[in-house]
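>>> after the sequence you'll find the predicted model.
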Amino acid sequence: MLTTEYVPGAPNWLDLGSPDTDASAAFYAAVFGWDFRSAGPEAGGYGFFQQDGKTVAGLGPLTEEGASPSWTVYFHTPDADATAKAVEQAGGRVRGAPADVFSFGRMAAFTDPTGADFAVWQPGGTSGLEAVGVPGSLSWAELYTSDAAAAKAFYGSVFSWRMTDVPMGPELTYTLLAPSGAGEEGSHGGLMQLPQENLDAGSTAEWHPYFEVSDCDATFAGATAAGATVLIPTTDAPGIGRFAMFLDPAGAPFAVIRTVMG
């Protein structure tokens with residue numbers, strides 16, 4: 001379960017890079033009821049998705065040459081510069097060197113050895129998202145990777161995550177991820193190997209955010225009506241919940257889930 005009591009290694013920020021921020025704001029307003037608030041002229045078009053007055057994600061224009069529309073998951077770090085060194089030592093790439101974001105915090109952007117992009121946030125005046133784990137907010141972060149063993153070694157080295165393998169059939173293992181400082185219920189995401197047929201078809205390693213919803217089927221209907229492309233239709237995961245996965249109209253992947261509350 002995600003909480004806003006952020007510990008090192010836990011997801012603490014999330015933002016969308018879009019080629020058309022107005023269109024993206026309208027799409028996610030239709031799907032989740034989010035409001036968009038600009039961070040001001042000095043922020044270069046960046047702003048915040050909010051629900052009930054609380055920030056649940058960021059939105060900004062694509063800034064990297066050749067970048068595709070995508071959601072970026074940020075993980076808490078007490079020292080972005082030290083994390084950048086750890087990423088390089090573990091075989092990852094620094095895409096964006098550590099830099100201050102006004103007085104809000106310090107960020108850096110990376111690519112893991114299997115090609116998945118992610119980032120870190122070192123809190124300053126802003127500790128992270130103001131709501132997680134409730135309907136309309138981030139509830140899970142999932143890595144689809146081309147090399148599960150390499151990804152586990154990399155993230156274990158960089159973040160010291162606790163990893164628990166869960167068999168899901170004869171040929172599939174799902175790895176639960178949790179910050180080392182979190183309790184037994186502190187898992188924040190999962191990691192799984194992309195099947196060879198997906199890789200052959202051109203799938204690449206990437207992190208997918210899951211947003212909690214109160215009604216998966218209603219959200220599915222709203223997302224498709226607003227122009228989302230279905231990747232996985234509404235599906236029950238026994239003991240976990242009901243979920244679906246999409247590409248938004250710009251092509252950024254995301255998922256929704258109605259988590260089973262035990």
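Perfect, thanks for sending it. Residues are numbered from 1 along each chain as shown.

>>> and the residue of the chain most remote from its centre, which helix or strand is it part of?
Taking C-alpha atoms, centre = their mean, the residue of the chain most remote from its mean C-alpha position is residue 170, at 27.8 Å. Under the assignment given by DSSP states H and E, residue 170 is not contained in any helix or strand.

>>> tally of neighbours for residue 46?
Residue 46 has 18 neighbours, counted by other C-beta atoms under 10 Å. All C-beta spots, glycine's among them, are computed from the backbone N, C-alpha and C.

>>> so how far is residue 7 from the closest residue in space to it that isn't next to it in sequence?
Nearest residue to residue 46 in three dimensions, chain neighbours excluded: residue 60, at 3.8 Å (C-beta to C-beta, 6 or more residues apart in numbering). Separation of residue 60 from residue 7 (C-beta to C-beta, to the nearest Å): 26 Å.

>>> quick one on the thing from earlier: which elements pack onto the host helix or strand of the residue nearest to residue 46?
Element membership for residue 60 (DSSP H and E) is strand 54-61. Packing partners of strand 54-61 (3 or more C-beta pairs under 8 Å, 6 or more residues apart in numbering; DSSP states H and E): strand 11-18, helix 21-32, strand 47-51.

>>> out of those, nearest to residue 252?
strand 11-18 (6.1 Å; C-beta to C-beta).

>>> show me what that closest one is packed against.
Going by 3+ C-beta pairs under 8 Å, 6+ apart, strand 11-18 lies up against helix 21-32, strand 54-61, strand 70-76, strand 117-123, strand 138-145.

>>> compare those and give me the one nearest residue 83.
Nearest of the helices and strands packed on strand 11-18 (C-beta to C-beta): strand 117-123, 5.2 Å.

>>> circling back: can you lay out the helices and strands packed on strand 11-18 as a markdown table showing mean neighbour count, mean pLDDT and distance to residue 217?
As requested, the helices and strands packed on strand 11-18 are arranged in a markdown table below (neighbours: other C-beta atoms under 10 Å; pLDDT from 0 to 100; distance: least, C-beta to C-beta, whole Å):
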| stretch | mean neighbour count | mean pLDDT | distance to residue 217 |
| --- | --- | --- | --- |
| helix 21-32 | 19 | 98 | 13 |
| strand 54-61 | 20 | 98 | 21 |
| strand 70-76 | 23 | 98 | 22 |
| strand 117-123 | 23 | 98 | 31 |
| strand 138-145 | 24 | 97 | 17 |
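
>>> got those as TSV, with distance to residue 98 columns?
Compiled in TSV, the helices and strands packed on strand 11-18 are given as follows (distance: least, C-beta to C-beta, whole Å):
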stretch	distance to residue 98
helix 21-32	25
strand 54-61	18
strand 70-76	13
strand 117-123	8
strand 138-145	21
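
>>> which one of the ones you listed lies nearest to residue 179?
Closest approach to residue 179 among these (C-beta to C-beta): strand 70-76, 7.9 Å.

>>> please state the offset of the closest one from the chain centre?
Distance of strand 70-76 from its chain centroid, counting by C-alpha atoms, centre = their mean, to the nearest Å, is 5 Å.

>>> next one: stretch 62-77
That offset, for stretch 62-77, works out to 10 Å (C-alpha atoms, centre = their mean).

>>> swap in stretch 6-17?
7 Å.

>>> just to revisit the earlier point, kindly provide the distance from the residue nearest to residue 46 to residue 141.
From residue 60 to residue 141 the distance is 19 Å (C-beta to C-beta).

>>> what comes up buried for stretch 189-203?
Neighbour-count burial for stretch 189-203 flags 189, 190, 191, 192, 193, 194 (criterion: 16 or more other C-beta atoms under 10 Å).

>>> let's have those in TSV, adding distance to residue 124 and secondary structure.
What follows is those, written out as TSV (distance: C-beta to C-beta, whole Å; DSSP: H, G, I helix; E, B strand; the rest coil):
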residue	distance to residue 124	secondary structure
189	24	strand
190	30	strand
191	29	strand
192	34	strand
193	37	strand
194	36	coil
